[in-house]
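K.L.:
coordinates only, sequence not included:
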Ligand code: DQA
């Protein structure tokens, strides 16, 4: 059986989780979240690569890396969600199942967060469920890679 490898990418300022606006993003640190994800993955025999960067170019590099060996990509692009055409283009070129993830619900926040350059080039979006969203995203990625989830965007 071929291995299942998911990449989880976190963008700018997500290294500050736990101390950054906890009323919006919660009190769990990125390390806490990644540990929960690793536990989930171990229980299902899924391999996981987790990365965080504050740099837009590095995020693009990481998306390109995912195309090389990942079965699916889960990405919280942070504020680059709302600004980055480079992110959009990298995701468009990445031909594996992709899930956009946000801890908060950007649609219930400031208008500048309502636009996402990622949403049109991912299979699905999870937002507003705090740290648990990462587990929901893993479940969704598992469904997409094991034929249990139908995505209208399966050809993107
Ligand atoms: C975020 C939402 C973005 O609007 C914000 O810039 C972030 C975090 C989230 O996870 O809720 O940095 O992606």
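P.N.:
Looks like it arrived, so ask away. Just so you know, these numbers come straight off a predicted model, no measurement behind them. Residues are numbered from 1 along each chain as shown.
K.L.:
tell me the bridge partners for residue 124.
P.N.:
Beta-bridge pairing of residue 124 under DSSP bridges involves residue 99.
K.L.:
the ligand versus that one, what's the distance?
P.N.:
From residue 124 across to the ligand, the span is 15 Å (Cβ to the nearest ligand atom, to the nearest Å). Quick note: C-beta positions are derived from backbone N, CA and C, even for glycine.
K.L.:
list phi and psi for the nearest residue to residue 55 once chain neighbours are set aside.
P.N.:
In space, and not counting its chain neighbours, residue 55 is closest to residue 12: 7.7 Å by Cβ to Cβ, 6 or more residues apart in numbering. The phi/psi pair for residue 12 (degrees, to the nearest 10) reads phi -60, psi 140.
K.L.:
burial measure for residue 93, as a count.
P.N.:
Neighbourhood size, residue 93 [other Cβ atoms under 10 Å]: 12.
K.L.:
so what's it up against?
P.N.:
Neighbour list for residue 93: 64, 67 [criterion: Cβ atoms under 8 Å, 6 or more residues apart in numbering].
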